[in-house]
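Colleague: Provided below are the primary sequence and the corresponding predicted coordinates.
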Amino acid sequence: MLTIGIDVGGTKVLGVAVDSLEPAAVRAERRVPTPEGGAGLVRALGELAAALASDAGSAAAIGVGVPGLVDRAGTLHVGPHLRHITDLPLAAQLAEETGLPAVVDNDANCHAVAEQQGGAAQGASEALVVTLGTGIGAGIITGGALLHGANGFAGEPGHMIVDPNGPPCPCGKRGCWERFASGTGLGRLARDAAHGGRLDAAVALSGGDPDAIRGEHVTAAARLGDAAALGLVDELARWIALGLANLANILDPAVIVIGGGLVEAADLLLPPVREHFAALVMAGERRPPLPIVPARLGEHAGAIGAALLAAGPDQWVLR
Ligand SMILES: [Zn+2]
């Protein structure tokens, strides 16, 4: 069955057409900039769906992943990266716009569906998929289905408060996990270190300006063996592991899959994450090994997962 999956990001929208029998096979893909406002978004998604159908053939359903809190009827309540959009009944309006059955879910939930069907968590009935990008998203698979919670809002560990006196978060609180353990967190740790004169090799790679330093300058310097940069990567890894250990204590997954932009540094980052995790999780030495592995489906994961969700939404409802 051919279904359309769309991943709405803060700046761009990626759409794919996927055959649900071959979850990792993308038949067509298109990208458009993220429009402003709810009406603009519905119109853009409708046009994207029509274009994908003309590329790949008519589709049976459409699924959309959005960054934010989505209820079980497919209404987007709020998305920190989608300005001017609140309480948008996206699934209902998209079904009307396209004439197709429409499913809307949180973008990280869509990532989790894709990785569970055709990626690094394939076949796992208990899995945690965490995306480390600008912020942190997560999809929790339990009993072979998605954990949605009472309202559909479950799986937002990026806003677990890990330091009540920590830096402010766009969500309005302080010290959320994503302030420390995301790409943004790495950038902040790096700027603090650079201003303290502790990160010279990475600063040189950024052109000499401590304020211009970004995560990739740190990982590049770390790859060259720079001790200060390696120390910062270790600090980031500890923050990542701290959140993962808290989540593992609650959820006891069989596998943790790490996706998002930071996964490009998985070779550098995951070994220290695994070490810190083993020390931080409850009774680490007494538990069976818990694999912490990089995502396999890359930037298409969210859109593929949205398409797979649309192909069989009932399959993902926890009973
Ligand atoms: Zn927050």
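Modeller: Ah, there it is.
Colleague: Straight-line length of stretch 29-49, end to end?
Modeller: 10 Å (C-alpha to C-alpha, to the nearest Å).
Colleague: Stretch 30-37 too?
Modeller: 21 Å.
Colleague: Could you check how far that stretch is from the centre of its chain?
Modeller: From the chain centre to the centre of stretch 30-37 is a distance of 18 Å (C-alpha atoms, centre = their mean, to the nearest Å).
Colleague: residues of that stretch that come out buried?
Modeller: Buried residues in stretch 30-37, defined by neighbour count with 16 or more other C-beta atoms under 10 Å: 30, 34, 35. For glycine as for every other residue, the C-beta is placed from the backbone atoms N, C-alpha and C.
Colleague: which residues in this protein form helices?
Modeller: 38-56, 90-98, 107-118, 178-181, 183-195, 200-205, 215-223, 227-251, 266-280, 301-311 (DSSP state H).
Colleague: on that earlier part again, quick one: the buried residues of stretch 30-37 as CSV, columns for distance to the ion and pLDDT too.
Modeller: Formatted as CSV, the buried residues of stretch 30-37 follow (distance: C-beta to the ion, whole Å; pLDDT from 0 to 100):
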residue, distance to the ion, pLDDT
30, 32, 97
34, 21, 93
35, 25, 93
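Colleague: re the thing from before, single out the most deeply packed of the helices of the chain.
Modeller: Counting by mean count of other C-beta atoms under 10 Å, helix 301-311 has the highest mean neighbour count of the helices of the chain, with a mean of 31.
Colleague: Please export the C-alpha coordinates of that one as CSV.
Modeller: Output in CSV follows, covering the C-alpha atoms of helix 301-311 (Å, rounded to 0.1, in the frame of the first residue of the first chain):
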residue,chain,number,x,y,z
ALA,A,301,13.1,8.6,9.4
GLY,A,302,10.3,11.1,10.5
ALA,A,303,8.6,11.1,7.1
ILE,A,304,8.9,7.4,6.6
GLY,A,305,7.5,6.8,10.1
ALA,A,306,4.6,9.1,9.4
ALA,A,307,3.8,7.1,6.2
LEU,A,308,3.9,3.8,8.1
LEU,A,309,1.7,5.2,10.8
ALA,A,310,-0.8,6.2,8.2
ALA,A,311,-0.7,2.7,6.6
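Colleague: May I have the beta-bridge partners of the residue nearest to residue 169 when sequence neighbours are not counted?
Modeller: Sequence neighbours aside, residue 176 is the residue nearest to residue 169 in space, at 4.1 Å (criterion: C-beta to C-beta, 6 or more residues apart in numbering). Residues in a beta bridge with residue 176, per DSSP bridges, are residue 161.
Colleague: Mind pulling up the pLDDT for residue 176?
Modeller: Residue 176 is assigned a predicted lDDT (pLDDT) of 97.
Colleague: re earlier: the ion: which of the helices of the chain is closest?
Modeller: Comparing the helices of the chain against the ion with C-beta to the ion, the closest turns out to be helix 178-181 (6.3 Å).
Colleague: so what does that closest one touch, helix or strand wise?
Modeller: Under the contact definition 3 or more C-beta pairs under 8 Å, 6 or more residues apart in numbering; DSSP states H and E, helix 178-181 sits against helix 183-195, helix 227-251.
Colleague: Stretch 74-92 near the ion anywhere?
Modeller: No. If you take C-beta under 5 Å from the ion as the test, stretch 74-92 misses the ion, and the best it gets is 8.2 Å.
Colleague: Tell me the buried residues in that stretch?
Modeller: 74, 75, 76, 79, 80, 81, 82, 85, 88, 89, 90, 91.
Colleague: Identify all contacting residues around it.
Modeller: 8-10, 34, 36-38, 41-42, 64, 66-71, 73, 102-105, 134-135, 170-171 (C-beta atoms under 8 Å, 6 or more residues apart in numbering).
Colleague: where does the protein dip in pLDDT?
Modeller: 23-24 (pLDDT under 70).
Colleague: Could you measure from the residue nearest in space to the middle of it over to the ion?
Modeller: By C-alpha atoms, centre = their mean, the chain has its centre lying nearest to residue 131, at 3.2 Å. According to C-beta to the ion, to the nearest Å, residue 131 stands 15 Å off from the ion.
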